[in-house]
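Undergrad: Structure for the following, please:
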Amino acid sequence: MTTSAPVASEVGQRAVELARTALERVLGPDPPTDPATPFRTLSLPPAFDEARGVFTTLRDSGSGGLRGCIGYVLPIFPLRIGVPRTAASAALQDPRFEPVARRELSRLTVEVSLLTVPEPLVAPRPRDRPAAVRVGRDGLIVRRRHADGLLLPQVAVEHRWTAEEFLAETCGKAGLPFDAWLQPETEVLRFGSEVFGEAAPGGPIRSVPLTG
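TA: Have a look, this model is predicted:
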């Protein structure tokens, strides 16, 4: 699997700080038209000028429940653009939830996942795909015709899925039958992720270990 250079803890911490600042601005009284505008000329580590896939995840600190998660799986934008845009979208545009209200910010933790470029999951036959999946390290993408679904690595860990269950649930996320991964015409890709998040709303930021 092709890997990117490991993310320095400073970069991960700054990414989470950037995401929270973006949330405060887009939920404030005078939100920018583009959430990334305030960060285009901000002094940031050089890594923020590099394009990288990124997801921002919001969770309720009380229940631990998901409150929003949106991102770019491909390295379309530099991080200084991608992080604030995904943070704003996670809060306001995740179709599974009502938009986040400003009063909620004090109860939400912010998590940023920095992704490697997806590549095909290589297996001799479709039924051998589970053996090629590394739960706790791989995120999965399933594509077939016009359907596609993605699940981040931490989702499989949180639910304690086996590799086969992870494949099935990613198919389900795409709106496909859960056993679609057994069919040769279904494309399966994997990607890596480094995750950084707040231990408490607005609190200390740490690397989030992904273990299977």
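Undergrad: Only C-alpha atoms from now on, for both contacts and neighbour counts.
TA: Noted.
Undergrad: Show me the helices in this protein, by range?
TA: Per DSSP state H, the chain carries helices over the ranges 9-26, 79-92, 129-132, 153-159, 163-173.
Undergrad: was I right about residue 139 contacting residue 188?
TA: No - using CA atoms under 8 Å, residue 139 is not in contact with residue 188; the gap is 10.5 Å.
Undergrad: just to revisit the earlier point, between the helices of the chain, which gets nearest to residue 39?
TA: With CA to CA, the closest approach to residue 39 among those belongs to helix 79-92: 6.1 Å.
Undergrad: Keeping just the C-alphas, turn that closest one into CSV.
TA: The C-alpha coordinates for helix 79-92 follow below in CSV (Å, rounded to 0.1, in the frame of the first residue of the first chain):
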residue,chain,number,x,y,z
LEU,A,79,-5.0,21.4,4.0
ARG,A,80,-5.5,25.1,4.7
ILE,A,81,-8.5,25.0,2.4
GLY,A,82,-9.7,21.4,3.0
VAL,A,83,-9.8,21.5,6.8
PRO,A,84,-12.0,24.5,7.2
ARG,A,85,-14.3,23.5,4.4
THR,A,86,-14.8,20.0,5.7
ALA,A,87,-15.4,21.3,9.2
ALA,A,88,-18.1,23.7,8.0
SER,A,89,-19.7,21.0,5.9
ALA,A,90,-19.7,18.5,8.8
ALA,A,91,-21.6,21.0,10.9
LEU,A,92,-24.0,22.4,8.3
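Undergrad: now the angle between helix 9-26 and it, please.
TA: 50 degrees (axes from the mean of the first three to the mean of the last three CA atoms, to 10 degrees).
Undergrad: what packs against helix 79-92?
TA: Counting contacts by 3 or more CA pairs under 8 Å, 6 or more residues apart in numbering; DSSP states H and E, helix 79-92 is packed against helix 9-26, strand 53-60, strand 66-72.
Undergrad: buried sites along the last one?
TA: To tie it back to what came earlier, the one meant is strand 66-72. Neighbour-count burial for strand 66-72 flags 67, 68, 69, 70, 71, 72 (criterion: 16 or more other CA atoms under 10 Å).
Undergrad: With distance to residue 177 and pLDDT as extra columns, can I get those in TSV?
TA: Converted to TSV, the buried residues of strand 66-72 look like this (distance: CA to CA, whole Å; pLDDT from 0 to 100):
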residue	distance to residue 177	pLDDT
67	26	97
68	25	97
69	23	96
70	23	96
71	24	96
72	24	94
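Undergrad: Quick one: those residues as CSV, columns for distance to residue 205 too.
TA: Listed next are the buried residues of strand 66-72 as CSV, based on distance: CA to CA, whole Å:
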residue, distance to residue 205
67, 19
68, 19
69, 18
70, 20
71, 20
72, 22
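Undergrad: Among the helices of the chain, single out whichever gets nearest to residue 193.
TA: helix 153-159 (7.0 Å).
Undergrad: now that closest one: mean pLDDT?
TA: Regarding helix 153-159, the rounded mean pLDDT is 92.
Undergrad: Since that was my last question, I'll sign off now.
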